[in-house]
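Chemist: Provided below for reference: sequence and predicted model.
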Number of protein chains: 2
Amino acid sequence: MTRWKITIEYDGTPYVGWQCQASGLSVQGVLESALEKFAGQNLRITAAGRTDAGVHAWGQVGHFDLDKVRSADDVRDGLNYYLRPHPIVVLAAEEVAPDFHARLSAIERRYRYRILNRRPPVGIEANRVWHVPYALDSDAMHEAAQVLVGTHDFTSFRASECQAKSPIKTLDAFTVSRLGQEVELTVRARSFLHHQVRNMVGTLALVGRGKWSAADVRTALEAKSRAAGGPTAPPDGLYFLDVRYA
Amino acid sequence: MTRWKITIEYDGTPYVGWQCQASGLSVQGVLESALEKFAGQNLRITAAGRTDAGVHAWGQVGHFDLDKVRSADDVRDGLNYYLRPHPIVVLAAEEVAPDFHARLSAIERRYRYRILNRRPPVGIEANRVWHVPYALDSDAMHEAAQVLVGTHDFTSFRASECQAKSPIKTLDAFTVSRLGQEVELTVRARSFLHHQVRNMVGTLALVGRGKWSAADVRTALEAKSRAAGGPTAPPDGLYFLDVRYA
């Protein structure tokens, strides 16, 4: 038996999210069905992060165990063959040690959030960005984001359905920068709470609009209450970028 | 009566192309229908370039004449309101002189072509790039592209249905560069023949793959026969970038 690590890109728009659900097609379900066709085994794929409906991934990571010996090219190309025409693609496959775990072995995850910041609506980038029609001050957003960096109780930015035992997380970096009409946020941590990135982005958008200051973000963080945090940004702009392992 | 110039972004995937056709929905048709709802007039919109089915635009330009006095913000926002939920967006509207003509007054057009150059198929960028799974040498493509710069008879890169009186065009610049997994081509000219950009891209891909040399591109150009040119690259990767006026 061999444990395989795969790196996965997907457009989250047509799916109910990573995780299998009765209500519709999931990324996990589509991948497991391709894996069954490829390997002739009914296998479970475990992911580094369970992305929500509409959230995209440039570098999700999953693992599973195969009975038969296969080459890395075979695993990647075979899965991609059976994944068609879904917008889910295996970018790389590699054999890993039997104790590798896509979620538990991860030491760092990065997410990116893209805001299209202009008055006209979204055209080419539909479902790929959050459209914010009022002017955002990305420098003020960057400054306020630094309030969130470090080890904190993130209860104010945690979804009520979040199942994590502790609300304490450590953000290693959080940057906000403008690229023309786009405001791009990148955040890095060992792990995140449910909706944490989208709740932080929704809050920083209040700062960008001039409704909140960095001090207001600190007050919200210290309140340790979801009601004190800003609104949840839509899934469209969120991308699971990559995962680092020891 | 006021002549208006509008700058338009669109995802070309769902349309038969710019021009109205009996066979399906066109960008022009959708825009003219929004304009009719906005202005209460049945008006014709003339574009800088008639893009083909599946071709996108970041900065198409059109013109039309309005009877009523309107502000530029009104024209832009009013058209965008009636364009929903189409992935067609008016980025800007401005009053221009009555002799302004979106097509005839243009002195320069720029197109970009995006190739996703990797073995795994397209995921997030479906319909937005041409997927080329074999390795492309972008430096060799750039060198060969320089053969096409200047004034030439482009018969070898012209669609058989092309209606232009003369096959002679002047390319002002043609650059090819690699950005990670992507090969990006940008070409600039006063005007282009039908399918000229896609036929040139398809030919340069032969060079990138090592099947053709820059000398082969010159031979194809000098043959002045479509049969001597390379294949037509798909519309997915093509973007009408912008137009310059005197």
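Modeler: Nice, I can see it.
Chemist: Please, where are all the helices along chain A?
Modeler: If DSSP state H is used as the criterion, the helices of chain A fall at A:27-39, A:72-83, A:138-148, A:196-208, A:214-223.
Chemist: Any buried residues in stretch A:59-74, and which?
Modeler: A:Gly59, A:Gln60, A:Val61, A:Gly62, A:His63, A:Phe64, A:Leu66, A:Arg70 (16 or more other CB atoms under 10 Å in any protein chain shown). Any C-beta I mention is one placed from the backbone N, CA and C, and that applies to glycine too.
Chemist: closest to B:Val16 out of the helices of chain A?
Modeler: Minimum separation from B:Val16 across these (CB to CB) falls at helix A:72-83, 29.2 Å.
Chemist: what packs against the closest one?
Modeler: strand A:2-10, helix A:27-39, strand A:88-96 (3 or more CB pairs under 8 Å, 6 or more residues apart in numbering or on different chains; DSSP states H and E).
Chemist: mind running it again at 6 Å?
Modeler: Under the contact definition 3 or more CB pairs under 6 Å, 6 or more residues apart in numbering or on different chains; DSSP states H and E, helix A:72-83 sits against helix A:27-39, strand A:88-96.
Chemist: possible to save these as JSON lines with mean pLDDT and distance to chain B?
Modeler: Output for these, formatted as JSON lines (pLDDT from 0 to 100; distance: least, CB to the nearest CB, whole Å):
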{"stretch": "helix A:27-39", "mean pLDDT": "96", "distance to chain B": "11"}
{"stretch": "strand A:88-96", "mean pLDDT": "98", "distance to chain B": "4"}
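Chemist: Any chance of CSV for these, columns distance to A:Phe192 and mean neighbour count?
Modeler: Putting the helices and strands packed on helix A:72-83 into CSV (distance: least, CB to CB, whole Å; neighbours: other CB atoms under 10 Å in any protein chain shown) gives the following:
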stretch, distance to A:Phe192, mean neighbour count
helix A:27-39, 18, 20
strand A:88-96, 22, 20
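Chemist: and those as JSON lines, adding distance to B:Thr203?
Modeler: Output for the helices and strands packed on helix A:72-83, formatted as JSON lines (distance: least, CB to CB, whole Å):
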{"stretch": "helix A:27-39", "distance to B:Thr203": "36"}
{"stretch": "strand A:88-96", "distance to B:Thr203": "28"}
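Chemist: quick one: which of the ones you listed is nearest B:Pro121?
Modeler: For B:Pro121, the closest of those is strand A:88-96, at 5.4 Å, according to CB to CB.
Chemist: can you give me the angle that closest one makes with helix A:72-83?
Modeler: Calculated by axes from the mean of the first three to the mean of the last three CA atoms, to 10 degrees, strand A:88-96 forms an angle of 150 degrees with helix A:72-83.
Chemist: residues in contact with the spatially closest residue to A:Arg84 that is not a sequence neighbour?
Modeler: Counting by CB to CB, 6 or more residues apart in numbering or on different chains, A:Arg84 lies nearest to B:Pro121, which is 7.1 Å off, once chain neighbours are set aside. By CB atoms under 6 Å, 6 or more residues apart in numbering or on different chains, the residues touching B:Pro121 are A:Asn80, A:Val89, B:His131.
Chemist: and which of those residues is nearest A:Leu238?
Modeler: Of these, the one sitting nearest to A:Leu238 (CB to CB) turns out to be A:Val89, at 18.2 Å.
Chemist: residues in contact with stretch A:36-55?
Modeler: For stretch A:36-55, contacts defined as CB under 6 Å, 6+ apart pick out A:12, A:16-19, A:31-32, A:35, A:60-64, A:66, A:78-79, A:82, A:102-103, A:106, A:235-236, A:238, A:240, A:243.
Chemist: Between the two ends of it, what distance do you get?
Modeler: 25 Å (CA to CA, to the nearest Å).
Chemist: what's the distance between that stretch and the middle of its chain?
Modeler: Distance of stretch A:36-55 from its chain centroid, counting by CA atoms, centre = their mean, to the nearest Å, is 15 Å.
Chemist: What residues of that stretch count as buried?
Modeler: A:38-39, A:43, A:45, A:47-55.
Chemist: same check, this time on stretch A:198-216
Modeler: For stretch A:198-216, a neighbour-count test (16+ other CB under 10 Å) marks A:198-208, A:212, A:214, A:216 as buried.
Chemist: same deal with stretch A:230-239?
Modeler: Neighbour counts over stretch A:230-239 (16+ other CB under 10 Å) mark A:Gly230, A:Thr232, A:Ala233, A:Pro234, A:Pro235, A:Asp236, A:Gly237, A:Leu238, A:Tyr239 as buried.
Chemist: do stretch A:129-144 as well
Modeler: Within stretch A:129-144, the residues scored as buried using 16+ other CB under 10 Å are A:Val129, A:Trp130, A:His131, A:Val132, A:Leu136, A:Asp137, A:Ser138, A:Ala140, A:Met141, A:His142, A:Glu143, A:Ala144.
Chemist: now the residue most central in space within chain A: how far from chain B?
Modeler: Closest to where the C-alpha atoms of chain A average out (CA atoms, centre = their mean) is A:Phe240, at 3.3 Å. Going from A:Phe240 to chain B by CB to the nearest CB, to the nearest Å gives 11 Å.
Chemist: Quick one: mark the members of the buried residues of stretch A:59-74 that sit in strands.
Modeler: With strands taken from DSSP state E, the overlap with these comprises A:Gly59, A:Gln60, A:Val61, A:Gly62, A:His63, A:Phe64, A:Leu66.
Chemist: Now do the same contact list for the fifth one.
Modeler: Under the criterion of CB under 6 Å, 6+ apart, the contact list for A:His63 reads A:Arg3, A:Lys5, A:Thr46, A:Ala102.
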